[in-house]
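Undergrad: Need coordinates for the following:
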Amino acid sequence: MQKRESEAVVAVRKPPVGFGLRSLQLRPTFWQGLASFVIAGILWEFTARYVVDNPLFFSSLGDIAARAAALWQTGELQEHIRVSFVEFAGGFVLAAVVGILAGVGMAASSTARGFFDPWVSMLYATPILALGPLFILWMGIGVASKIAVIFLTAVFPILINTLVGLTTTDRILIDVARSLGATPQQIYLKVRMPAALPFIIAGLRVSVARALVGVVVAELFGARAGLGFLIINAAQSFDTAAVFVGVIILAVAGVVSVAALKWLERAMAPWRFENVDD
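TA: Numbers count the residues shown, from 1 in each chain. This is a model prediction of the structure:
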């Protein structure tokens, strides 16, 4: 009898077969996205070879890959990627930090919200392209001016989404926390911030796309390297394949960044995905 009970205990404690492998399995959405890219690649190649068939207007994936390899062999492509990555990382990280902190501050104080809200609306609607020459004049043609352009392009979606998430938290949750004796700081950390997390992640995802566009915009003015610089120079010299090299690298960077933010959201707010079949 005791032997059977001990065997039962061991059976309960023993993890199910394949438990570790199951956690490493790729989600169905990954395969669906991969299939969409494969189909898009087939249509792209078919269009380039049989519909347009003019490398001046449209390049095949083979021509784009060959042009990328040529740029890589000369070391030019690596330098463009490095410069754009430094500019993007600096501008986006700064935008994330400032946007989240500013959103928290405006959500915590109605006075600050009333004072800064018109400025946020005004600057958000300002065409950053028009401010590029001013940043060059103020900061020079180095990395600082490019980071400033990317920062202003990306910061406002993060700020606005953080503010909306913190100010639209369910009042019932806040009242329950207060009735249990939670302090304002605990309410912010335990109730408001978790509730606002999906809004913040959504703002970050929007800002990733805007920051990548900001890279190209920033490199319109006085740039000496970068993917935006590559795209502009290639377009001026009618090097269509090189244009697509820069565009595809930026697009892949956007996909990877959004996937990383999705993973971050799953890690920080797993309860949102418990009943999601993906």
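Undergrad: Now for this protein: which helix has the highest residue count?
TA: helix 76-108 (DSSP state H).
Undergrad: Does anything pack onto that one? Which helices or strands?
TA: When contacts are defined as 3 or more CB pairs under 8 Å, 6 or more residues apart in numbering; DSSP states H and E, helix 76-108 packs onto helix 61-74, helix 110-125, helix 143-167, helix 193-218, helix 227-236, helix 240-268. All C-beta spots, glycine's among them, are computed from the backbone N, C-alpha and C.
Undergrad: quick one: buried residues of the shortest one?
TA: Neighbour-count burial for helix 227-236, with 16 or more other CB atoms under 10 Å as criterion, is recorded at 227, 228, 229, 230, 231, 232, 233, 234.
Undergrad: Check the offset of it from the chain's centre.
TA: Here helix 227-236 is found 23 Å from its chain centre; the criterion is CA atoms, centre = their mean, to the nearest Å.
Undergrad: what pLDDT, on average, does it get?
TA: Confidence for helix 227-236, expressed as mean pLDDT, is 88.
Undergrad: Could you export the buried residues of helix 227-236 to TSV, including columns for distance to residue 66?
TA: As requested, these are exported to TSV (distance: CB to CB, whole Å):
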residue	distance to residue 66
227	18
228	22
229	21
230	16
231	18
232	21
233	18
234	14
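Undergrad: before we move on, back to that, wait, which of the helices and strands packed on helix 76-108 is closest to residue 32?
TA: helix 240-268 (13.3 Å; CB to CB).
Undergrad: Would you mark the buried spots in that closest one?
TA: For helix 240-268, the buried set under the neighbour-count rule, 16+ other CB under 10 Å, comprises 240-247, 249-250, 253-254, 257-258, 261, 265.
Undergrad: Repeat that for stretch 76-84.
TA: Buried residues in stretch 76-84 (16+ other CB under 10 Å): 77, 79, 80, 81, 83, 84.
Undergrad: And for the first one, nearest residue in space, chain neighbours not counted?
TA: Once its chain neighbours are removed from consideration, residue 77 has its nearest residue in residue 71; the separation is 3.8 Å (CB to CB, 6 or more residues apart in numbering).
Undergrad: do you know how far the one you found is from residue 227?
TA: 11 Å (CB to CB, to the nearest Å).
Undergrad: joint contacts of the two?
TA: residue 80 (CB atoms under 8 Å, 6 or more residues apart in numbering).
Undergrad: related to what we said a few turns ago, out of the helices and strands packed on helix 76-108, which is closest to residue 104?
TA: That would be, of the helices and strands packed on helix 76-108 and by CB to CB, helix 143-167, which comes in at 6.6 Å.
Undergrad: Quick check: buried residues in that closest one?
TA: 143, 145-167.
Undergrad: quick one, what contacts the nearest residue to residue 222 once chain neighbours are set aside?
TA: Excluding its sequence neighbours, the residue lying closest to residue 222 (CB to CB, 6+ apart) is residue 141, at 3.5 Å. Contacts for residue 141 (CB under 8 Å, 6+ apart) come out as 221, 222, 223, 224.
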